[in-house]
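> Predicted model follows, preceded by the sequence.
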Amino acid sequence: MKKVFKITIFNFLILILLIASSSFAAGSDDLKAGEKLYKRKCSVCHGDQGQGAIAKKIKDPAILNKPDEELRKFITNGGNGMPAYGKTLKPEEIDYLVVFLRSWAK
Ligand code: HEC
């Protein structure tokens, strides 16, 4: 009986560990998803490192210091030659893109 109890506690701890580590993994998955989307949708105009190509450089502190909400809105609505992605990307995909753009600020 005592042994069974120990195994249960052990399994419980493993479960907690699994839950904790999968939420860490989700963070880097967002980043990877954002990078993939960026390469597919954005790099033609902004360059694959955000250095600028046919559209302006966006790896720029003046842009990366803007709040998430503002970046999200801009990607959703576009303007001044920037296409609107509100219809072609899901809100969570736009979030992944913001996570990816943020990774340049580090
Ligand atoms: C057809 C070319 C084109 C594509 C594709 C494009 N952009 Fe842009 N983007 C622009 C242009 C042009 C501007 C400049 C708008 C301005 O000066 O206000 C811009 C501006 C921006 C800005 C800066 C906004 C600011 O505050 O100054 C961000 C951030 C941005 N784009 C992100 C993205 C992301 C993310 C994608 C991919 C989902 C993307 N862009 C795809 C043309 C493009």
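Sure thing, it's come through.

> three-state assignment of Arg72?
At Arg72 the chain is in helix, as set by DSSP: H, G, I helix; E, B strand; the rest coil.

> now it: how far from Gln49?
Between Arg72 and Gln49 the distance is 21 Å, computed by CB to CB, to the nearest Å. Placement of C-beta: from N, CA and C, glycine included.

> between these two, who's got more neighbours?
Set side by side, Arg72 and Gln49 show more neighbours around Arg72, with 18 against 13, by other CB atoms under 10 Å.

> My read is that that one contacts Glu93, right?
No: with contact defined as CB atoms under 8 Å, Arg72 does not count as touching Glu93 (10.8 Å).

> low-confidence ranges in this protein?
For the chain, the stretches flagged by pLDDT under 70 are 1-2, 4, 12-26.

> Up against the ligand, what does it have?
The chain comes close to the ligand at residues 41-42, 44-46, 55-56, 58, 63, 66, 71, 74-75, 79-83, 85, 97, as judged by CB under 6 Å from any ligand atom.

> Alright, that wraps it up for me.
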